[in-house]
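Asks: Below are the sequence and a predicted model; questions follow.
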Amino acid sequence: MSIVDVVLKSSVLLLLGALAANFFARRSAAAHRHFIWTLLMTGLLALPALSALLPWRLPILPAVPSGPAVGTTAAARQQFPAAEAAAGPAVAEATPLASAGVTSMQPQAAQPRSEPRLQPRDAALLLWIAGLIVIGLRLLLSIAALLRLLRGAREITDPAFQLALARAADQLAVRAPVRLLESPRATIPMTFGLRRAVIVLPPEARDWPAELRDVVLLHEVAHIRRGDAQGNIISQLVCAFYWFHPLVWGAARRMRIEAERACDDLVLRAGAPPSAYAAHLLSMVQAVATSRAPAFAVPLAQRSAFEGRVLAILEPGLARHDLTARAVAVGVAALCAVAVPLAALAPASVQQEPDHVRRSVERHVNRPSVQRNVERAVARATSRVEVKGVDVGYSRNVNIDLSRSAARQDLGGAVAALVIGLGDEAESVREASAHALGDLGAVQDTAAINALVAALRRDTSREVRKTAAWALGQIEDKRAVPGLLASLRDERDPEVRTQVVWALGQTEAEEAVDGLGAALRTETASEIRHMIVWALGQIENRAAVPYLIPVLRDSDPELREKAAWALGQVESGDAVDGLVAAFSAERVAKVREQIIWALGQIEDRRAAPALEVALRDSSLEVRRKAAWAFAQLDELPEAPAGLIAAAHDPDLEVRRDVVRALGEIRGSNAIEALVALMRDPDPEIRRLAAHALGNR
Amino acid sequence: MFRLTAATLMLAVLPGAVAGQARPPADSAALAALLASVRGANPVLCELAARTVDNQSGWGWGGGIGATSLRASRDPAVRPVLMAINQERSPVSAVPLLGAALIDEDACVRRIAAPLLGRVDHPSALTALRQALRDDRPATREVAAIGLGFTGNPSVIPALLAGLQDSVARVRVACALALGELDDHRAIGALTRLLREDRDEDVRAAAAWAIGEIEG
């Protein structure tokens, strides 16, 4: 598993966990949130192991160059010198040049390629190990500190303390024995111990009032009951392993805070009065201004996050219930459901291509190009089959390869025959050959593409030309673009032209934008204009904006709608002014809706005034779309008046998106509007408004 | 007159019936009724009927006037026709009937019987079709090839490859199309040769189409 893998997967898991914890933030108890973070940490710890152990792979992550061992590459070069010479057209062209006397190129070519001393991948690994060592040392130091703390410690035998401890253990149903120690080095109460729980109190504890002593012990026993010492160790290990990942440190911090709050909840549920408990905590924090607890221990109080904790203690309506067995089961099941597929994800790279397939391709590289490309396609297909297979053993791999190698040669011959078929005297044969080459779309063969382009440009039958254009669209290879553009300029038959435009859209080639745009300016046939606008939307390049904006004033409302769609696909800020102008002039509601959608796609805040107008639109669909679009816009400093007014829209969906949009805006008037929405007649709106306010 | 009514009705209602859920087990009598109903149909009707039968278990012509009007029909001819079409596989007991239909004098009966025989999941049906592919009559060899294309059985490929050498062009066309239906890589070489070398343009076009089917 590569570093990129680890970062990607752990980030996904962390984000999912953060979403879950956030989802439970308002409605659930701290114990639940802490449980989610604990699950998350366990998942993070298990992820690398699972990735290594799982027998199957889902190859959908981005490919990562795997940095082959230098020796292998060199050996491969020696073994296949011809392969390297013919590997790419550039190299193949350089060879005759060199032999024709361009001597200056020779020394360069003869120089051995210098391998970089340290591959980026190895450097990353070394860096990670260095970090691991540093964090590990820190943990060792903290263990040493803990031992030092224990060395000076002595058992507290005071019956009052023992009695209070027994009472606390009884209240919280802790059966295991607990050691109660006093250490001169301790400044605050803390708990630790993997197998046998230990509570360490500072010497001042002897002078504590009974009430303080009781809540402190209750709190520490609550940690023991919840197993926070163990959770803390998991969290420290995860932080050590993922030290480079800022989200992990954040998660560990959240976990610590939630553990404290869950313990506070247990103390309060055991009957401690909230105000007194908060006051004790406060006195404790003041006393421990500078103290630090060793990393492996769980200290009673830390100054950071203290304010939120006291507020949580004092808030009367807060849920304080404990975890149920069902919640634990659901959580563990959810973790498995997420972590196992996540661990199985693997880069969808050609690196998965088995060696024997690659070698068999390399062996044939100096064959004619038809054959070579066909073989590459077959090799791709073969490797796909093998990667997809869950339980494909070695022997079956070999079988597939053998059965395919015959097919590979046949397919090369078939493509060559179809290319010849394109020149057949009978129209039906030429058309069927073009169609078959389109069906073979995966085989992006140069000879086939050239032959199809030639058929498109020169065939006398419009059916053949049309089918050739269709086939080029199926093949989706950018090498066909110049030929398709030339055909777009010269072709007279409207059906063929439409098919050509479709094919250009299929290739999604930026080079086609200007040609399509020029055709859009001169073209009069409605169907072709529609297709050009669609193709420009497919290509998603901002160069299309100046061609599409004038179409927003076309007399055909469907074409205007399609142009707005295409501009939304392109997602360029260049289109905002044009779209806004078109919106104010637009008479047809469906087109207005599409324009607003496009503005939402572009996310540019300059669209806000137009969206305000759209929120007062007579069409419900336009208003809904405008509310949605507002929520997409880049952060606005203040909530516009139109958005605040739309909070009174009679439509629930509009109000729902208005709440979402307001939730994204920092300004104080957005808060006021959200507070006002807490009185909305609909409970869902009230809940969303509360949620938005809570997330600020 | 009866035959024409039945065939027309079949075309009107079958697509919907095919799309419907009810699939009663067909019997030979129902198949016989189906073949009787298409006897003497004109070429256009026969082609439409053949397509309905060809696409019976697929996605062919679904929807349309459909099952409701069929259930409402009181025509006694409708039910057996419906039963004959409404099945995934023809019964083994129908092999003699369908085999005989392959050499029937009526073109539409031969054409409709071919896919029905191809869909009998039994070696005896394969034997009947292989024999028919060696028949003296080109028309029978042609429908035999069509039927073999519906078997979905790779063991028939050698017979179809041999059929590509047939002296009659329409038989070679049917063999090429059937090989395309069977979607087996072993046929690519022979189809390629056919595309390069056959003197008949329909054969070359069929070969090109079949290559696209197999590799696409």
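Replies: Okay, I see it.

Asks: tell me the contacts of residue A:212?
Replies: A:280, A:283 (CB atoms under 8 Å, 6 or more residues apart in numbering or on different chains). The way it works is simple: take the backbone N, C-alpha and C, and place the C-beta from them, glycine included.

Asks: likewise residue A:428?
Replies: B:201-202, B:205.

Asks: If we check chain A, which of those residues are in contact?
Replies: Restricting these to those within reach of chain A (CB under 8 Å from any CB of the partner chain) leaves B:201-202, B:205.

Asks: Chain A: strands as residue ranges?
Replies: Here chain A has its strands, by DSSP state E, at A:58-61, A:154-155, A:178-182, A:190-192, A:197-201, A:298-299, A:345-347.

Asks: Spell out which parts of chain A neighbour chain B.
Replies: Residues of chain A lying close to chain B by CB under 8 Å from any CB are A:403, A:406-407, A:410-411, A:413-414, A:416-418, A:420-421, A:424-426, A:428-429, A:431-433, A:435-441, A:443.

Asks: Kindly recompute the last result at 7 Å.
Replies: Applying CB under 7 Å from any CB of the partner chain, we find that chain A lies next to chain B at A:407, A:410-411, A:413-414, A:417-418, A:420-421, A:424, A:426, A:428-429, A:432-433, A:435-436, A:439-440.

Asks: if we can go back for a sec, most neighbours, which of the ones next to chain A among the contacts of residue A:428?
Replies: residue B:205 (26 neighbours; other CB atoms under 10 Å in any protein chain shown).

Asks: who in chain B is up against chain A?
Replies: Within chain B, the positions adjacent to chain A are B:185, B:188-189, B:192, B:195-196, B:201-202, B:204-205, B:208-209, B:211-213, B:215-216 by CB under 7 Å from any CB.

Asks: if we go to 8 Å?
Replies: Residues of chain B lying near chain A (CB under 8 Å from any CB): B:185, B:188-189, B:191-193, B:195-196, B:201-202, B:204-213, B:215-216.

Asks: Would you list the buried entries among these?
Replies: Neighbour counting with 16 or more other CB atoms under 10 Å in any protein chain shown marks B:185, B:188-189, B:191-192, B:195-196, B:201-202, B:204-213, B:215-216 as buried within these.

Asks: So which of the contacts of residue A:428 sit within helices?
Replies: B:201-202, B:205 (DSSP state H).

Asks: Strands of chain B, residue ranges please.
Replies: Counting by DSSP E, one finds no strands in chain B.

Asks: Quick one: the helices in it, in order.
Replies: Going by DSSP H, chain B shows helices at B:2-19, B:28-38, B:43-54, B:66-72, B:78-85, B:95-102, B:107-118, B:123-133, B:138-149, B:157-163, B:169-182, B:188-197, B:201-215.

Asks: Now tabulate those helices in a markdown table and tack on distance to residue A:212 and mean pLDDT.
Replies: Compiled in a markdown table, the helices of chain B are given as follows (distance: least, CB to CB, whole Å; pLDDT from 0 to 100):
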| stretch | distance to residue A:212 | mean pLDDT |
| --- | --- | --- |
| helix B:2-19 | 79 | 44 |
| helix B:28-38 | 92 | 83 |
| helix B:43-54 | 88 | 78 |
| helix B:66-72 | 82 | 45 |
| helix B:78-85 | 88 | 66 |
| helix B:95-102 | 95 | 92 |
| helix B:107-118 | 90 | 91 |
| helix B:123-133 | 91 | 94 |
| helix B:138-149 | 90 | 95 |
| helix B:157-163 | 89 | 95 |
| helix B:169-182 | 86 | 94 |
| helix B:188-197 | 87 | 93 |
| helix B:201-215 | 82 | 92 |
